[in-house]
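> Fold the following and give me the result.
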Amino acid sequence: MRPGKTEEAAWYVSGVVKGAIGGLIIALLLLCGLALVLLWADMSDSIQRTAMDAIGGIGALAAGFLAGRSAQIKGLVHGGLAGLLFALLVLLVGIVFFGAAFAITGWLLRLIAGAVLGALGGIVGVNSAYA
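I've put the predicted structure just below:
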């Protein structure tokens, strides 16, 4: 028997949330690896910031991939929402725990980048679900 609209909606929201949490875990593991590299290597601040931005992008891609794979349909939408949720959670953690203050343009760019990268990950995730 096919699930009703309510069950389907709950399943897709669950996939988006799972994708965002999975992206956070992947980003956290990559940041721990970067911290280990920084123990032995001397990197300039600009390289560190670039590496952290790249890790954030990888986390958003992973969030979208996991959400798209979980939903198995509409990877663009589910991945984009998971990437957006990932970026929003990262921004909130930065504000609450570290007192990070960003300009509104910085917030918007990070949220847009998270949504776009998540959408790309969602497209790949949906297509990998059928393989």
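
> got any ranges where the protein has weak pLDDT?
For the chain, applying pLDDT under 70 flags the ranges 1-12, 100-102, 129-131.

> Would you mind giving the secondary structure of the residue nearest the centre of it?
Central residue of the chain (Cα atoms, centre = their mean): A60, 2.5 Å from the mean position. Following DSSP: H, G, I helix; E, B strand; the rest coil, A60 is assigned to helix.

> Hmm, it is touching G118, no?
Yes - A60 lies in contact with G118 (Cβ atoms under 8 Å); the separation is 5.0 Å. Bear in mind the C-beta positions are built from the backbone N, C-alpha and C, glycine included.

> Common neighbours of those two, please.
In terms of Cβ atoms under 8 Å, 6 or more residues apart in numbering, A60 and G118 are both contacted by the residues 23, 83, 86-87.

> and those as JSON lines, adding secondary structure and neighbour count?
Below are these laid out as JSON lines (DSSP: H, G, I helix; E, B strand; the rest coil; neighbours: other Cβ atoms under 10 Å):
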{"residue": "G23", "secondary structure": "helix", "neighbour count": "32"}
{"residue": "G83", "secondary structure": "helix", "neighbour count": "35"}
{"residue": "F86", "secondary structure": "helix", "neighbour count": "33"}
{"residue": "A87", "secondary structure": "helix", "neighbour count": "27"}
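
> of all the residues you listed, which comes closest to I73?
Distance to I73 across these (Cβ to Cβ) is lowest for G83, with 17.1 Å.

> Noted, bye for now.
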